[in-house]
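Colleague: sequence? don't have it. structure:
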């Protein structure tokens, strides 16, 4: 068997640095079972954390489709009987899967790299960020804190998009069981990678256990991914990415599905920013193994999906450990820390904490799992911005220290590539901490790191393509209500319909943004995945 390896390795970003030596190791593991591995191709990997607030962030969402295209090129030569996908972070895992699913006849699995060891506490990191936003500490103190937080090889340890990816891949059965949160450069991590290579050789078409990717990723697997995401308070970015992955598999899932699932799935995990502990604490408490066990016991996951592992989906309710240099799996039946992980019968919250909000401003996503219930409804005058730097300037000028709904528009896929606006989290959190009622409404993204400020994000249709958010004016009373699922401007209906939409700001160029103009022009809305590539593909299939 010849296995193609598609890798997201680079040594600039902490999560991808561990992949540097994987090819040589995996080639040796393949030879142990009479197979070969070739590096089929590399895919780009960018970090939303590094590009936050920078021009490069406007390339971020479309890097997912670039990764999908690169994956397809890597597998296009017809040289492989299987593939191993090396990726872990925000757009990388969705991009790899989208590309790989067009080669659904091949057996494939994903090989994660693991999270870095924990640095300073999340509470301390948040304190320094907010102190910086207030002007109480300078750049050097902020840099010292961030360096102590992100200090080693591996993914960031908060439960954002990267680590939500790993949870979803476990729930879809596309990892070696329990592979998600084992730290890099450990013996167990290496042995899990070895097990992945060996397993690939067992599920090829020459044997008796052929498990191609196209059979593993079906409707039940997609639902499992959504359920696991909701039950653990995962990243809102996946209400964009999971519909895109599903579309590549010929499956449709939308925000109404997420909303209905969220109503039925309890929140059973508290991981920062939805709790105090990070993913290493989560792993110590029972991690993905206990999460899957609890959800299976409650009848909330499909236990009959076809996984890449021989013993079926029940295997994912066990955690790996080394025993005499070999990996052994032990079932996890109880949480080891009920401040972080609980059974579905005794959840932290009765629902999954991701709500669809809709009204005369369009449709958006509200992540309630990180926000106190007393802030699920915000009604306040709007302050309109077309750029996040304008928000920062207004904050520094003291203009936002009041009850306010901050509206940042022209941030959708068609406008500027839908950058994350996480840069706004700290200043808005400061305003909220002063006792003001504050919320964010935007057609941009906020990610799994959106924190404790109420936010209606991904608002669709976006402002650039005629979305009603473009009708808002400073001072309009806006209601954002996760309890009732409403997102609305409290403006007389006749006046609202008569209003002209605000003109779009000039398009920015430079830092490669002009190269992605065709992706912006053709992108579908966020609910469908925000992708020109998939929009065209689905249109052609429909024709």
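Modeller: Yep, it's here. Only a predicted model underlies this, so the values are computations on that prediction, with no experimental measurement involved.
Colleague: Next one: the residue sitting nearest the centre point of the chain from residue 277, what distance?
Modeller: When CA atoms, centre = their mean is applied to the chain, the residue found nearest the centroid is residue 161 (2.8 Å). Distance, residue 161 to residue 277, by CB to CB, to the nearest Å: 18 Å. The way it works is simple: take the backbone N, C-alpha and C, and place the C-beta from them, glycine included.
Colleague: Assign a three-state SS to the nearest residue to residue 30 once chain neighbours are set aside, would you?
Modeller: Spatial nearest neighbour of residue 30, chain neighbours left out: residue 37 (4.5 Å); criterion: CB to CB, 6 or more residues apart in numbering. Counting by DSSP: H, G, I helix; E, B strand; the rest coil, the backbone at residue 37 sits in strand.
Colleague: residue contacts, residue 37?
Modeller: By CB atoms under 8 Å, 6 or more residues apart in numbering, the contact list for residue 37 reads 2, 3, 4, 5, 23, 26, 27, 30, 84, 197.
Colleague: And the longest strand seen in the chain, what does it pack against?
Modeller: When the chain is parsed with DSSP state E, its longest strand is strand 377-385. Judged by 3 or more CB pairs under 8 Å, 6 or more residues apart in numbering; DSSP states H and E, strand 377-385 is in contact with helix 388-396, strand 404-408, strand 438-442, strand 477-481.
Colleague: What are the contacting residues of that strand?
Modeller: Here strand 377-385 makes contact (CB under 8 Å, 6+ apart) with 391, 394, 399-400, 403-409, 437-439, 441, 454, 472-484, 489-490, 502.
Colleague: The same query, at a cut-off of 7 Å, please.
Modeller: Residues lying outside strand 377-385 but in contact with it, judged by CB atoms under 7 Å, 6 or more residues apart in numbering, are 391, 394, 400, 403-408, 437, 439, 454, 472-481, 483.
Colleague: Mind listing what's buried along that strand?
Modeller: Residues of strand 377-385 classed as buried by neighbour count (16 or more other CB atoms under 10 Å): 377, 378, 380, 382, 383, 384, 385.
Colleague: likewise stretch 113-127?
Modeller: By 16+ other CB under 10 Å, the buried positions in stretch 113-127 come out as 113, 114, 115, 116, 118, 119, 120, 122, 125, 126.
Colleague: ok so, going back, which pair in the contacts of residue 37 spans the largest distance?
Modeller: Across the contacts of residue 37, no pair lies farther apart than 2 and 23, at 14.0 Å, counting by CB to CB.
Colleague: and these two? which has more neighbours close in?
Modeller: residue 23 (17 against 14; other CB atoms under 10 Å).
Colleague: wait, is that one part of a helix?
Modeller: Yes. Residue 23: assigned to a helix according to three-state DSSP.
Colleague: any idea how far it lies from residue 35?
Modeller: If you go by CB to CB, the gap between residue 23 and residue 35 works out to 14 Å.
Colleague: Now do the strands in the stretch 1-150 of the chain.
Modeller: Counting by DSSP state E, counting those that start in this stretch, one finds strands in the stretch 1-150 of the chain at the ranges 2-7, 36-42, 82-86, 108-110.
Colleague: what about the stretch 101-250 of the chain, any weak spots by pLDDT?
Modeller: Along the stretch 101-250 of the chain, segments meeting pLDDT under 70 are nowhere present.
Colleague: could you show me where the helices are in it, in order?
Modeller: Counting by DSSP state H, counting those that start in this stretch, the stretch 101-250 of the chain has helices at residues 122-134, 139-149, 161-171, 187-202, 213-216, 219-231, 238-248.
Colleague: Ok, which of those helices comes nearest residue 302?
Modeller: Taking these one by one with CB to CB, helix 219-231 is closest: 3.9 Å.
Colleague: Report the secondary structure state of the residue lying farthest from the centre of the chain.
Modeller: Ranked by distance from the centre of the chain (CA atoms, centre = their mean), the top residue is residue 494, with 39.3 Å. Here residue 494 is recorded as helix under three-state DSSP.
Colleague: Any stretches of this protein with poor pLDDT?
Modeller: Within the chain, the stretches with pLDDT under 70 are 447-451.
Colleague: which residue packs closest to residue 317, ignoring adjacent ones?
Modeller: residue 293 (3.9 Å).
Colleague: which secondary structure element contains that neighbour?
Modeller: With elements taken from DSSP states H and E, the one containing residue 293 is helix 287-297.
Colleague: count of neighbours near residue 458?
Modeller: 29.
Colleague: How about the contacts made by the nearest residue to residue 159 once chain neighbours are set aside?
Modeller: In space, and not counting its chain neighbours, residue 159 is closest to residue 271: 3.8 Å by CB to CB, 6+ apart. Shown in contact with residue 271 (CB under 7 Å, 6+ apart): 159, 232, 233, 277, 278, 279, 282, 340.
Colleague: quick one, what contacts residue 536?
Modeller: Going by CB under 7 Å, 6+ apart, residue 536 touches residue 522.
Colleague: could you check the angle helix 238-248 makes with the host helix or strand of it?
Modeller: Here residue 536 sits within helix 532-542, counting by DSSP H and E. When axes from the mean of the first three to the mean of the last three CA atoms, to 10 degrees is applied, the directions of helix 532-542 and helix 238-248 differ by 40 degrees.
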